[in-house]
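Visitor: structural data only, the sequence is not supplied:
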DNA sequence: GTCTATAGGTAGATAGAC
DNA sequence: GTCTATCTACCTATAGAC
């Protein structure tokens, strides 16, 4: 099999098993994308059978969607905690995007980088799926379109609040910088200091 | 089938057929990635059978590699022509990267954007494969590692020649900006002016 | 809650006809 | 040079045993 050797199976309750499956799925989709990964990959890496996996999820696409919701929840909570926001109250949540209306654009950017720097597997999942989802018939195509629109709105709003010129253009630049740096970092994690490069690049965009 | 309806088959000689297959393959890999696309997708879209396709290529991976060489050749020639360089003489060619030792970094960046803006399918192919190839067992992993190293070297060299500070950092920023903007543009081609945004962002990195 | 068994389909690749 | 036929392997998913 093309996956890592299966881990020693141990007894888990439903909640533990679901979370364990999510993490295994993040890794598999990050490697092969939605079109390329198979539920067999996940089941084998998880140490259960395909039928066992399909007890928890209706099918491959359901597994993708649920894994995605899980990842978004994790990231939201991580960022909220990291930025010192108490819980998620006061934020408008939409497609996994939190509107931190009182956080500066720079802090949002660097804080996001600091959180992402600890989870390369999740960042890789995002990059692979985002590229795949450029096509209209990808199951996550609409999700990623809305996600991008929401992010750009959030960044442009923050830029406008800070009196920066051309806030929509700055939003595009900020998001481009973040994802471009993610690719550099994932490609060479040991040579690229993701957080330091993020600080350097955002300082060029927002002097 | 998940592909576009097959085009009316017409008689082609070997050279025409190979080129036609390359373009079909670019589209298929751009949609589904290497792990997700099938040689059947390509054959059907091409209007021939799988066996017919495998007359030209040994197998799936061979099709990927040959398509890639074709794409790199096309892009090299396009950029060389666009930048007004006569042919490819005088350039050091390595993994598809041309060292234009007398072209400014800004011109290299904007010129690349102008060329890419005409070929969204190829840019999408690159973005999907680059993300997939972050994993060490992808057939193009080593290729993309070398390609990135060569590009960064080329950019850093140009930056140093122009007397810019921290040329290695600038190289990372330039490449990140380019690929980040490519994602914005591919995600919303009608709303994003790829060349204009490229000019705006490079002006922030190289004032 | 997890498994066996299996259906029913699709994958990559080959051999040989025309 | 392209096709048909076919092999083997793998894929998702279901039904039902335990």
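Guide: Received it, and whenever you're ready, just let me know what you need. What you see is a predicted model, and the numbers here were worked out from it, not measured in a lab.
Visitor: for residue A:38, grab the count of nearby residues.
Guide: Counted with other C-beta atoms under 10 Å in any protein chain shown, residues neighbouring residue A:38 total 16. For the C-beta atoms, the positions are set from N, CA and C on the backbone; glycine is no exception.
Visitor: what residues are up against the residue in chain A that DNA strand D sits nearest to?
Guide: Scanning chain A for the residue nearest DNA strand D gives residue A:59, at 2.7 Å (criterion: C-beta to the nearest atom of the strand). For residue A:59, the contact set (C-beta atoms under 8 Å, 6 or more residues apart in numbering or on different chains) comprises residue A:39.
Visitor: gap between it and residue A:22?
Guide: 16 Å (C-beta to C-beta, to the nearest Å).
Visitor: ok, now residue A:116?
Guide: Per C-beta to C-beta, residue A:116 is found 18 Å from residue A:22.
Visitor: which one's more surrounded, these two?
Guide: Under the criterion of other C-beta under 10 Å, the comparison of residue A:116 against residue A:22 puts residue A:116 first, with 22 against 19.
Visitor: from DNA strand C, how far off is the more buried one?
Guide: Residue A:116 sits 31 Å away from DNA strand C, going by C-beta to the nearest atom of the strand, to the nearest Å.
Visitor: my read: that residue touches residue A:182, true?
Guide: Yes: if you go by C-beta atoms under 8 Å, residue A:116 and residue A:182 touch, sitting 7.1 Å apart.
Visitor: okay, and the common contacts of the two?
Guide: Residues touching both residue A:116 and residue A:182 (C-beta under 8 Å, 6+ apart) are A:123, A:194.
Visitor: where in chain A is the helix or strand with the lowest mean pLDDT?
Guide: strand A:93-94 (a mean of 59; mean pLDDT, DSSP states H and E).
Visitor: how many residues are close by residue A:165?
Guide: If we define neighbours as other C-beta under 10 Å, then residue A:165 has 8 of them.
Visitor: helix, strand or coil for it?
Guide: Three-state call for residue A:165 (DSSP: H, G, I helix; E, B strand; the rest coil): coil.
Visitor: just for chain A, where's the confidence low?
Guide: Applying pLDDT under 70 to chain A flags residues A:1-9, A:86-101.
Visitor: residue boundaries of the strands in it?
Guide: A:93-94, A:97-98 (DSSP state E).
Visitor: so how far is residue A:126 from residue A:75?
Guide: Using C-beta to C-beta, residue A:75 is found at 9 Å from residue A:126.
Visitor: the more surrounded of these two?
Guide: For the pair residue A:75 and residue A:126, the greater number of neighbours falls to residue A:126 (24 against 20), based on other C-beta under 10 Å.
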